[in-house]
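# Any chance you can model this:
(chains A and B)
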Amino acid sequence: MEKAIICKNLTKQFGDFKAVDSVSFDVAQGEIFGFLGANGAGKTTAMRILCGLSYPTSGEATVAGFDVYKQQEKIKRNIGYMSQKFSLYDNLTILENIEFYGGVYGVSGAEIKTRSNELISTLGLEKEAKKLVGELPLGWKQKLAFSVAIFHRPKIVFLDEPTGGVDPVTRRQFWDMIYEAAANGITVFVTTHYMDEAEYCNRISVMVDGRVEALDTPANLKNRFNTNTMDDVFYQLARGAKRSGD
Amino acid sequence: MVSVEVKSIVKTYGDVKAVNDVSFEVQKGELFGLIGPDGAGKTSLFRILTTLLLADSGTATVEGLDVVKDYRKIRNIVGYMPGRFSLYQDLTVKENLTFFATVFSTTIEENYELIKDIYEQIKPFSNRRAGKLSGGMKQKLALCCALIHKPVILFLDEPTTGVDVVSRKEFWEMLGKLKKQGITIIVSTPYMDEATLCDRIALIQNGSIMSINTPGNIVQRFPKPLFAAKADNIYKLLHDLRADAEVESCYAFGEYIHLTMKANDADALSVMRVAGRNNLEGLEVKLITPTIEDSFICLMNENSE
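Reported below is the predicted structural model:
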């Protein structure tokens, strides 16, 4: 199986503080990988390195086959990213947002046109296409943001708490889109605070105090911790955490 | 005894009806939850009840005081923890607490008993600036500041949003202790699993309340038998079930798929027969008790029909 992400002893140190402490894991192509951890565990720092936004202090990692030290720009071209906090420009229309992101990622003008028509009809947003994104309800915004994040057909998409605050029906529609992207071969790397969503991942890792304390399928983790909820698995792993933060 | 009474409150922003004819009552000493996603109208309601926002129409009272006429009196008896961290980032933990105590003409010492359990967890950092605290500690400090004048009623707007499972659990334990001291608590949350920790809850969506009851009664009112199903290829099962004419509703729910059937007398065997049509490996079906989230989804679907 081809690997989308490989990390080996990945470490990021700020002074004496090891935000990410010798983390090693692989993510397979087309896998939905849940990246969980307590607040302050080091998830954001690790994710920034994997997105080519920050250099590690030591260790190795490749993303889509590119090196996190030497090929940051190539990484950026081959990934998509969305988060709850930043996704689209509120004061651009839906179409303008699509055009803008498509352009930034080097999709040709003709291709942008075809794909955006497709996208808008799949999402059923024909009437809203020329409306400002700021006028859309949050659930729609998040679904659109995800579609835009994979518009340039990246190999990997990074999702940072994509469903925070979204209603339970939309949250599930969002996961349908994630499944579909994965079925089309896009690797999905996702963080969430909803433990039921952890169950939708092929495998999950749980970070505690900068280290990956557990990594397995949800079923195996529940077996190992002798419980039937992911909530409990997470609680058992994270309650001993010394660090806490945003 | 009624602590909060809300009658036909409406609040609009331009074309958007943020709060659409909402009415409810909260009893003294009750732990009352407003459960709903972002944009449901929770924050607008909190701001109206804490006298920070005027409603377009409708009335509301807090401890018998009118939110418009008696706003000054209300401000002295309520504690409010807004969704966004609103303490002074440049003041230390101790300074923030002293400030809030002083504003309400009291001292930390006078009401220390009330915050003791919570404050002791952040006391080692009492000289640290609030802006330099971790998320969990900020949350504890904000709760202390909302409590320091010994409010009769506490308004907590999404205190656990974005907080991990461990801190969320700790926070709810703190609320349980405060409730024992007789404080009325109104708390909002987008996490449906927290709803069961409240005495009564209002499920709110698009500015309207879909249901108000105890968590137990809300779940009991689920209209049909609910089943959980899984198979090794769960995504295939989800697709199959959605396409099946006998299935009424069907959605992913953690490890399982939750579904209801069109037939009112469906049992696990009949669901097994339907789910087994495509001979998926590892198929399992069982009858389950709905959760608050199942009820929420069901009510949302009823409302959109």
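# Following element in sequence after the helix or strand that B:Ile186 is a member of, please.
Element membership of B:Ile186 [criterion: DSSP states H and E] is strand B:184-189. The C-terminal neighbour of strand B:184-189 among helices and strands, as given by DSSP H and E, is strand B:200-205.
# Sheet-wise, list the partners of that following strand with their directions.
Sheet pairing of strand B:200-205 (DSSP bridges) gives strand B:31-35 (parallel), strand B:208-213 (antiparallel).
# and that strand, average pLDDT?
For strand B:200-205, mean pLDDT rounds to 96.
# contacts for that strand?
A:167, B:22, B:24, B:26, B:30, B:32-37, B:40-42, B:195, B:209-215, B:218, B:292, B:295-296, B:299-300, B:303 (CB atoms under 8 Å, 6 or more residues apart in numbering or on different chains). The way it works is simple: take the backbone N, C-alpha and C, and place the C-beta from them, glycine included.
# what do you get for stretch B:11-18?
B:Val10, B:Val19, B:Gly41, B:Ser44, B:Ile48, B:Leu53, B:Ala55, B:Asp56, B:Asn206, B:Gly207.
# which residues of chain B score low on pLDDT?
B:305 (pLDDT under 70).
# so B:Lys150 sits right up against B:Leu114, yeah?
Yes: counting by CB atoms under 8 Å, B:Leu114 is a contact partner of B:Lys150 at 5.8 Å.
# picking that back up, determine the angle, from 0 to 180 degrees, between the strand holding B:Ile186 and strand B:200-205.
30 degrees (axes from the mean of the first three to the mean of the last three CA atoms, to 10 degrees).
# Would you confirm that B:His87 contacts B:Ala146?
Wrong residue type there; residue B:87 is Leu, not His. No: contact criterion CB under 8 Å: B:Leu87 and B:Ala146 do not qualify, at 9.9 Å.
# Where does the stretch 51-200 of chain B get nearest to chain A, residue-wise?
Across the stretch 51-200 of chain B, the shortest distance to chain A (CB to the nearest CB) belongs to B:Ser134, at 4.0 Å.
# What is the burial count for that residue?
Number of residues near B:Ser134 (other CB atoms under 10 Å in any protein chain shown) recorded here: 16.
# and what of the one 3 residues further on?
Other residues lying near B:Met137 total 20 when counted by other CB under 10 Å.
# Surely it and B:Phe125 touch.
Yes: applying CB under 8 Å as the test, B:Met137 and B:Phe125 come out as touching, 6.5 Å apart.
# Throw together a PyMOL command that grabs the buried residues out of the contacts of strand B:200-205.
Of these, the buried ones go into a single PyMOL selection, burial set by 16 or more other CB atoms under 10 Å in any protein chain shown:
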select buried, (chain A and resi 167) or (chain B and resi 22+24+26+30+32+33+34+35+36+37+40+41+42+195+209+210+211+212+215+218+292+295+296+299+300)
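# quick one on the thing from earlier: can you redo the strands paired with strand B:200-205 as JSON lines with distance to B:Arg200?
Listed next are these as JSON lines, based on distance: least, CB to CB, whole Å:
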{"stretch": "strand B:31-35", "distance to B:Arg200": "6"}
{"stretch": "strand B:208-213", "distance to B:Arg200": "6"}
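# Not counting its own residues, what contacts stretch A:216-230?
In this structure, residues lying in contact with stretch A:216-230 by CB under 8 Å, 6+ apart are A:195-196, A:198-199, A:201-204, A:206, A:214, A:232-233, A:236-237, B:254-255.
# Grab the two from those that are most spread out in space.
Pairwise distances across the contacts of stretch A:216-230 (CB to CB) peak at 21.5 Å, for the pair A:Asn202 and A:Gln236.
# So which of these two has more stuff around it?
Neighbours per residue (other CB under 10 Å) separate A:Asn202 from A:Gln236, with A:Gln236 holding more: 18 against 15.
# What strand or helix carries that one?
If you go by DSSP H and E, A:Gln236 is part of helix A:230-238.
# picking that back up, verify the stated contact: the residue of the stretch 51-200 of chain B closest to chain A with A:Ala241.
No: the criterion here is CB under 8 Å, and B:Ser134 misses it with A:Ala241 at 10.9 Å.
# Can you pull the residues of chain A lying near chain B?
Within chain A, the positions near chain B by CB under 8 Å from any CB of the partner chain are A:37-40, A:137-139, A:161, A:164-170, A:172, A:175, A:179, A:183, A:193-196, A:199-200, A:218-219, A:229-231, A:234-235, A:238-239, A:241, A:243-246.
# Now do the residue of chain A most remote from its centre against B:Ala228, distance only.
Here chain A reaches farthest from its C-alpha mean at A:Lys127, the gap being 29.1 Å by CA atoms, centre = their mean. Counting by CB to CB, to the nearest Å, the gap from A:Lys127 to B:Ala228 is 37 Å.
# what's the answer for B:Asn278, then?
For B:Asn278, the distance to B:Ala228 - CB to CB - is 18 Å.
# and the two? which has more neighbours close in?
Comparing B:Asn278 with B:Ala228 by neighbour count (other CB under 10 Å), the higher total belongs to B:Ala228, at 18 against 14.
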